[in-house]
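Need a 3D model of the sequence below.
(one chain, ligands or ions: 1)
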Amino acid sequence: MTKQITSFSDYQKTYKDSVKNPEKFWAAQARTFTWRKKWDEVLSWDFETPDIQWYKGGQLNITENCLDRHLKRRGNQTALIWEPNDPSQPHKSYTYRELYEAVCQCANALKANGIKKGDRVCFYMPMVPELTIGVLACARIGAVHSVVFAGFSASALADRIKDSSCKMVICSDYNQRGAKNIPVKDVVDKAIAKKCKSVETVLVHQNTGGKVKMKKGRDKWWHDEVSRRRKNCDAVTMDAEDMLFILYTSGSTGKPKGVVHTCGGYMVYTCFTFKNVFQYQRGDVYWCTADIGWITGHSYIIYGPLLAGATTIMFEGVPTYPDAGRFWHVCEKHRVNQFYTAPTAIRALMAMGDHWPSHYDLSSLKTLGSVGEPINEEAWNWYDQHIGKGKAPIVDTWWQTETGGIMISPLPGMHALKPSYAMYPLPGVQPCLVTAEGKEIKTKEAEGLLCIKFPWPAMIRTTYGDHERCKQVYFSTFEGMYFTGDGARRDKDGSYRIIGRVDDVINVSGHRIGTAEVENAINEHDSVIESAVVGYPHEIKGQGIYAYIINDRGVDDVAAFKKEIHKVVTKVIGPIAKPDLIQVVSGLPKTRSGKIMRRILRKIASGQADSIGDVSTLLNPEVVKEIEDQQKLAK
Ligand code: WTA
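Below you'll find the model as predicted:
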């Protein structure tokens, strides 16, 4: 079995061993899985190229480890519980055997529709069991899944389909979220119409039964294609370094990039971190509220829990529907033991009042998790007191799409916690802080840029179709290190506190958004000449989006203009990227070489104009004062 750390001294020893001899440590973790062929070499790496290979020569199929491996002993144990958007509807459960059969049927349907090992399949779906089943079905036959969050627009979806030339799109008819009913299939049609020539088949899952148009020859119903298939399907043998999935994420420049994860290392790492960070015990019920459109859903709704033989909940709805007690109702209903969510949800629910959680029996909760953005002390304390009742330790887990799994986190119950600290690196993780010049800061107490010095099994291997970009973004800023894009502080006992992004990426309600992407979207508006987007502190969302816009004809009605900007951003990216505040300006502060000084704009947006400092070297220093003076006109 995967090692489960039991005490702080056990952690310290394990950590030491894992750093002293990483190969030995990760070989021991890998041995507990089913391999069709054992690896020849545990690790071969070079951060310069970058070329990272774990379990080289090993062969496996991750679904055999998620499903088949559990059938004998746990065939009748619940693997997946699905809780629908509408609480008056029944929930659904799948035992490991039922999930296995459903995945095999879907895998057979994919094969019958021409999907082979290496083909890319795009998912654009709500949080329904068929999403998990479809993802695993791809992995079973060696197809590469690319899940796109169902809140993205047709145009954003089209970019992602084209970037990895997906052969199939799997979607639902509609997506029910809270009181909304979103036409998912319609978005897929619009996306494919944007010259997605690679798509041969669209597999449509009937979710609400609402009316949709089906294109003859291309579109097929899930219930026609999947239900009649055989309930077993041989898992395809994969090399440890074969691609498992692509997940698009935002960076500081350009279009979102397809982060590539591979089979072997990702499997070992997600299982190890799941078992240790959440201290999952046999029989526990675990719930992560993330969407499978993000990495958290991949690693800690699907793969990590199923690899560990856990019972994992998938929730279709939103925290406030039908009311602000929904999360706690679900915790009570399923006797949830581990609950994992994002600070933005905690803050939103905290703002609704303490009485909501007090209506429910939350005594089953043993561990609480937080992910996606820094958790402020107030939210941490509320989570601790009102949800955990002071008895369920909070694990503030730091990681990224690129890291594949949790990197820095407390271990629950094994040491004192510090609000807003992600605390200690997990075994095998070697973080360091560096100066802007790339010099490692060796003192214990320090603040700097967070880098990782040594490979870990679930790390990014490449960015799809553009290896050079992977090298530039992550491995070229500082020699011989993976650069995270985050700043962090370390205190004297080696505990880390994540400060936040130091690049032009913002974290809005836990969604990662590139400011350049939002600017490009805003600039599509007819009358916009130029724009600059920055993040600013937002009480609920963590960060809000602040857009400074130069318009060619002046704006009398900023509120009406904001509506137009929202429309264009929703069309190009999706509603998650709509600016919270818009300020119309006559110019943007620029350096003499023409670069926008975002640092200044960030200060103004954050209400810290008095600490801007000297602006006299700017090309247009006068504009700073004007922007400051007119900030109150922002809407
Ligand atoms: C931020 C989400 C503070 C960080 C798993 C990182 C956090 C980015 C934390 C990655 C945390 C994630 N405390 N900040 N516990 N967890 N972040 O790729 O800025 O969507 O770089 O992965 O979220 O976001 P991503």
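
From here on, just use CA atoms for contacts and neighbour counts.
Noted.

interface residues of the stretch 351-500 of the chain facing the ligand?
371-374, 396-401, 422, 486, 498, 500 (CA under 6 Å from any ligand atom).

In the residues you listed, which residue is surrounded by the most others?
Ranked by neighbour count (other CA atoms under 10 Å), these have D396 at the top, with 35 neighbours.

And what about that residue, helix, strand or coil?
Under DSSP: H, G, I helix; E, B strand; the rest coil, D396 falls in the strand class.

circling back to that earlier point, would you format the residues of the stretch 351-500 of the chain next to the ligand as JSON lines with distance to N551 and secondary structure included?
JSON lines is the format used below for those (distance: CA to CA, whole Å; DSSP: H, G, I helix; E, B strand; the rest coil):
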{"residue": "V371", "distance to N551": "38", "secondary structure": "strand"}
{"residue": "G372", "distance to N551": "34", "secondary structure": "coil"}
{"residue": "E373", "distance to N551": "33", "secondary structure": "coil"}
{"residue": "P374", "distance to N551": "34", "secondary structure": "coil"}
{"residue": "D396", "distance to N551": "42", "secondary structure": "strand"}
{"residue": "T397", "distance to N551": "42", "secondary structure": "strand"}
{"residue": "W398", "distance to N551": "39", "secondary structure": "strand"}
{"residue": "W399", "distance to N551": "39", "secondary structure": "coil"}
{"residue": "Q400", "distance to N551": "36", "secondary structure": "coil"}
{"residue": "T401", "distance to N551": "36", "secondary structure": "helix"}
{"residue": "A422", "distance to N551": "43", "secondary structure": "coil"}
{"residue": "D486", "distance to N551": "33", "secondary structure": "strand"}
{"residue": "I498", "distance to N551": "37", "secondary structure": "strand"}
{"residue": "G500", "distance to N551": "31", "secondary structure": "strand"}
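
Looking at those residues, spot the one nearest I549.
G500 (25.1 Å; CA to CA).

Contacts only, for the closest one.
Contact partners of G500, counting by CA atoms under 8 Å, 6 or more residues apart in numbering, are E373, P374, D486, G487, A488.

swap the cut-off to 6 Å and go again
D486, G487 (CA atoms under 6 Å, 6 or more residues apart in numbering).

Which strand residues bridge it?
G487 (DSSP bridges).

From Q400, how far out is it?
12 Å (CA to CA, to the nearest Å).

Likewise for G151?
Counting by CA to CA, the gap from G151 to Q400 is 20 Å.

Okay, now stretch 155-173: how far is its last residue from its first?
18 Å.

Tell me which residues are up against it.
120-125, 184-185, 191, 196, 198-207, 572-573.

Give me the mean pLDDT for that stretch.
Averaging pLDDT along stretch 155-173 yields 98.

please renumber so the chain begins at 44
All right, first residue 44 from here; so that's stretch 198-216.

tell me which residues in it are buried?
198-216 (16 or more other CA atoms under 10 Å).

mind listing what whichever residue of the stretch 144-293 of the chain sits closest to the ligand touches?
Of all residues in the stretch 144-293 of the chain, the one sitting closest to the ligand is T292 (6.5 Å; CA to the nearest ligand atom). By CA under 6 Å, 6+ apart, the residues touching T292 are P299, K300.

Quick check: bridge partners of it?
The partner residues for T292, given DSSP bridges, come to K300.

any idea how far L469 is from it?
24 Å.

ok, back up a step: and the contacts of stretch 198-216, which are buried?
Buried members of the contacts of stretch 198-216, scored by 16+ other CA under 10 Å, are 163-168, 227-228, 234, 239, 242-250, 615-616.

rewinding a little: pLDDT score assigned to the residue of the stretch 144-293 of the chain closest to the ligand?
Predicted confidence (pLDDT) for T292: 96.

which one is the closest residue to the ligand within the stretch 194-343 of the chain nearest to, not counting chain neighbours?
Scanning the stretch 194-343 of the chain for the residue nearest the ligand gives T339, at 5.4 Å (criterion: CA to the nearest ligand atom). Nearest non-adjacent residue to T339, counting by CA to CA, 6 or more residues apart in numbering: A333, 6.1 Å away.

ok, which stretches of the stretch 444-593 of the chain are helices?
Secondary structure of the stretch 444-593 of the chain (DSSP state H, counting those that start in this stretch): helices at 510-513, 558-565.

Looking at the ones you listed, which one is packed in the most?
Compared across those, helix 558-565 shows the largest average neighbour count, a mean of 23 (mean count of other CA atoms under 10 Å).

starting at the chain centroid, how far to that one?
Helix 558-565 sits 20 Å away from the centroid of its parent chain (CA atoms, centre = their mean, to the nearest Å).

How about stretch 456-472?
Counting by CA atoms, centre = their mean, stretch 456-472 is centred 20 Å from the centre of its parent chain.

now swap in stretch 360-372 and tell me
The answer for stretch 360-372 is 21 Å, by CA atoms, centre = their mean.

Do me a favour and get the end-to-end distance for that stretch?
OK, stretch 360-372 end separation, CA to CA: 12 Å.

So what touches it?
N128, R220, G221, W399, P400.

next one: stretch 444-459
Stretch 444-459 has contacts (CA under 6 Å, 6+ apart) with 50-51, 313, 320, 338, 436, 438-442, 465-469, 501-503.

Of those residues, keep whichever come out buried.
Using 16+ other CA under 10 Å, the buried ones in the contacts of stretch 444-459 are 313, 320, 338, 436, 438-442, 465-469, 501-503.

Compute the number of surrounding residues for the spatially closest residue to M502 that is not a sequence neighbour.
Once flanking residues are discounted, M502 sits nearest to T446: 4.6 Å by CA to CA, 6+ apart. Applying other CA under 10 Å, we find 23 residues neighbouring T446.

circling back to that earlier point, want to try a markdown table for the residues of the stretch 394-543 of the chain next to the ligand, with pLDDT as columns?
As requested, those are exported to a markdown table (pLDDT from 0 to 100):
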| residue | pLDDT |
| --- | --- |
| V414 | 97 |
| G415 | 95 |
| E416 | 94 |
| P417 | 92 |
| D439 | 98 |
| T440 | 98 |
| W441 | 98 |
| W442 | 98 |
| Q443 | 98 |
| T444 | 98 |
| A465 | 98 |
| D529 | 97 |
| I541 | 97 |
| G543 | 92 |
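
okay, the residues you listed in JSON lines with distance to T296 next?
Formatted as JSON lines, those follow (distance: CA to CA, whole Å):
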{"residue": "V414", "distance to T296": "24"}
{"residue": "G415", "distance to T296": "20"}
{"residue": "E416", "distance to T296": "20"}
{"residue": "P417", "distance to T296": "23"}
{"residue": "D439", "distance to T296": "28"}
{"residue": "T440", "distance to T296": "26"}
{"residue": "W441", "distance to T296": "23"}
{"residue": "W442", "distance to T296": "20"}
{"residue": "Q443", "distance to T296": "17"}
{"residue": "T444", "distance to T296": "17"}
{"residue": "A465", "distance to T296": "27"}
{"residue": "D529", "distance to T296": "16"}
{"residue": "I541", "distance to T296": "22"}
{"residue": "G543", "distance to T296": "18"}
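
Nearest to A351 among those?
Distances from A351 to those, taken by CA to CA, are shortest for T440, at 18.7 Å.

The closest one touches V414, doesn't it?
Yes. In terms of CA atoms under 6 Å, T440 counts as a neighbour of V414; the distance is 5.4 Å.

Overlap in contacts, those two.
Common neighbours of T440 and V414 (CA under 6 Å, 6+ apart) do not exist.

What parts of this structure come near the ligand?
339, 414-417, 439-444, 465, 529, 541, 543-544, 554-555.

Identify the bridge partners of G557.
V548.

Distance of it relative to the ligand?
11 Å (CA to the nearest ligand atom, to the nearest Å).
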